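**Student:** fold the stuff below for me.
(chains A, B, C and D)
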2 protein chains.
Amino acid sequence: MAKAPRNGPYICGIDAALDVVSGKWKGLILWELDEHGVRRFAELRRGLPGVSEKMLTQHLREMEADGLLTRRVHAEVPPRVEYSLTEHGAALNAALAPLGAWGVDRIRRERSELVEHRDAAALPRP
Amino acid sequence: MAKAPRNGPYICGIDAALDVVSGKWKGLILWELDEHGVRRFAELRRGLPGVSEKMLTQHLREMEADGLLTRRVHAEVPPRVEYSLTEHGAALNAALAPLGAWGVDRIRRERSELVEHRDAAALPRP
DNA sequence: CTCGGTACTTACCAAAAGGTAAGTACCCCA
DNA sequence: TGGGGTACTTACCTTTTGGTAAGTACCGAG
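**Tutor:** Okay, here's the model as predicted:
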């Protein structure tokens, strides 16, 4: 123990799932790996604008410990490390899809509120 | 502004949704309200073992600002405040269902690993 | 022979999240 | 008259999370 089960015991499944995806970049990492299948460290870094190397390795290690992805090191110079989703990671990504759809809706709602405000400011007289 | 849209801009929908449910008790609050329809402050407190009053009010206010729930105050003595999900909150809860199922699976996997370890320790000789 | 690229690790620091304990104001019950 | 219930707020503190910057070790290009 002392590795994968960081928190818990969990009250419900939502708890257990949120524990695994909470982390500033984990959702994006999952998405990148699902999109591209296999990605190297530097490719992920470039795909996640603003991530620091420290956070990226930290998140990758935690997700590996949680069984979401596999890390394959090629004994080459320069070094080459490839990350890809496990079966469980892919299932998690699929389970996140409806949540993503809800989020897209929320963004849309937010933007249309902004537009209403802008319109109200831009058209002070009918 | 300065109220509802706390973070962002969001890179994708997952981002926007996770922003809204990250918080130690938010998943459970959503689940409690979905189960019971309407809940008072003290009922929620009792339903979330270990939550502090401060965190509960804080989370409830944020979720109200995010349009997930409505807060109805009855002008009575002693005071009575009732919380219930909005349409968006209920939709979010529905979108969380597959994630919850994945989490249940994860808990089951974890437990069976523990059982394997216990069995291995309990049966040192075949 | 220095720069950039590979994939990290480490030390230090700032911000955010969360917990504890107390105070508020009013009521009912014993 | 004292204790418990209603729904909070506030001040203070600790823990967690994330960011910055530097160091490591090796290689090829210019």
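**Student:** find the nearest non-adjacent residue to A:Leu96, please.
**Tutor:** Leaving aside its chain neighbours, A:Leu96 sits nearest to B:Ile14 (5.8 Å; criterion: Cβ to Cβ, 6 or more residues apart in numbering or on different chains). C-betas here are computed from N, CA, C, even on glycine.
**Student:** got it, and A:Tyr10?
**Tutor:** Nearest non-adjacent residue to A:Tyr10, counting by Cβ to Cβ, 6+ apart: A:Ala16, 4.3 Å away.
**Student:** what do you get for A:Glu53?
**Tutor:** A:Arg45 (6.7 Å).
**Student:** what's the distance between the one you found and chain B?
**Tutor:** For A:Arg45, the distance to chain B equals 15 Å [Cβ to the nearest Cβ, to the nearest Å].
**Student:** does the helix or strand where that residue lies reach DNA strand C?
**Tutor:** Under the criterion of DSSP states H and E, A:Arg45 resides in helix A:41-47. Yes - interface with DNA strand C: helix A:41-47 contributes A:Phe41, A:Ala42 (Cβ under 7 Å from any atom of the strand).
**Student:** so, in contact with DNA strand D or not, that helix?
**Tutor:** No - using Cβ under 7 Å from any atom of the strand, helix A:41-47 never reaches DNA strand D; the gap is at least 11.8 Å.
**Student:** which of the residues in the next helix or strand after that helix are buried?
**Tutor:** Next helix or strand after helix A:41-47 toward the C-terminus (DSSP H and E): helix A:53-65. For helix A:53-65, a neighbour-count test (16 or more other Cβ atoms under 10 Å in any protein chain shown) marks A:Leu56, A:His59, A:Leu60, A:Glu62, A:Met63, A:Glu64 as buried.
**Student:** same question for the helix or strand A:Ala16 falls within, mean pLDDT?
**Tutor:** In the assignment (DSSP H and E), A:Ala16 maps to helix A:13-21. Across helix A:13-21, pLDDT averages out at 92.
**Student:** now stretch A:13-24: buried residues?
**Tutor:** Buried-residue list, stretch A:13-24, by 16+ other Cβ under 10 Å: A:Gly13, A:Ile14, A:Asp15, A:Ala16, A:Ala17, A:Leu18, A:Asp19, A:Val20, A:Val21, A:Gly23.
**Student:** whoops, I mixed them up, stretch A:88-98
**Tutor:** Those would be A:His88, A:Gly89, A:Ala90, A:Ala91, A:Leu92, A:Asn93, A:Ala95, A:Leu96, A:Pro98, for stretch A:88-98 by 16+ other Cβ under 10 Å.
**Student:** and the first one, which of the three is it?
**Tutor:** Going by DSSP: H, G, I helix; E, B strand; the rest coil, the secondary structure assigned to A:His88 is helix.
**Student:** I'd say it and A:Gly67 touch.
**Tutor:** Yes - A:His88 lies in contact with A:Gly67 (Cβ atoms under 8 Å); the separation is 5.2 Å.
**Student:** now do the shared contacts for those two.
**Tutor:** B:Arg109 (Cβ atoms under 8 Å, 6 or more residues apart in numbering or on different chains).
**Student:** relative to chain B, how far out is the spatially most central residue of chain A?
**Tutor:** Geometric centre of chain A, nearest residue: A:Gly27, 1.2 Å, by Cα atoms, centre = their mean. Distance from A:Gly27 to chain B, counting by Cβ to the nearest Cβ: 4 Å.
**Student:** same question for A:Arg71.
**Tutor:** Note on A:Arg71: its distance to chain B, by Cβ to the nearest Cβ, is 20 Å.
**Student:** the worst-scoring helix or strand of chain A on mean pLDDT vs helix B:87-122, what angle?
**Tutor:** Lowest by mean pLDDT, DSSP states H and E among the helices and strands of chain A is helix A:87-122, with a mean of 86. Interaxial angle, helix A:87-122 versus helix B:87-122 (axes from the mean of the first three to the mean of the last three Cα atoms, to 10 degrees): 160 degrees.
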